[in-house]
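Colleague: the sequence isn't on hand, but the structure is:
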């Protein structure tokens, strides 16, 4: 089930990045574009993704094989 943490981490990382870019109005065409609160939410989600993925690294390859 470790792969679930990896998948959720990658999705959170990418989603956070998109929200940041929309919040600072780099990506146009959505209701989120140009609203700073979405950039802040994006940073939080991005950090969550980084935390999830960094936890995988500390588990190591031996635990992943079980």
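Modeller: Yes, it's here. Being a predicted model, the structure only gives us computed values, none of them experimental.
Colleague: low-confidence bits of this structure, can you list those?
Modeller: For the chain, applying pLDDT under 70 flags the ranges 58-66.
Colleague: one more pass at 90, please.
Modeller: Scanning the chain for pLDDT under 90 picks out 1-3, 29-30, 55-66.
Colleague: show me the helices in it, by range?
Modeller: 2-23, 36-64 (DSSP state H).
Colleague: quick one: the first one to helix 36-64, angle?
Modeller: To tie it back to what came earlier, the one meant is helix 2-23. Following axes from the mean of the first three to the mean of the last three C-alpha atoms, to 10 degrees, one obtains 160 degrees for the angle between helix 2-23 and helix 36-64.
Colleague: contacts for helix 2-23, please.
Modeller: For helix 2-23, the external contacting residues (C-beta atoms under 8 Å, 6 or more residues apart in numbering) are 27, 30, 32-53, 55-56, 59, 63-64. To be clear about C-beta, it is placed using only N, CA and C from the backbone, and glycine gets the same treatment.
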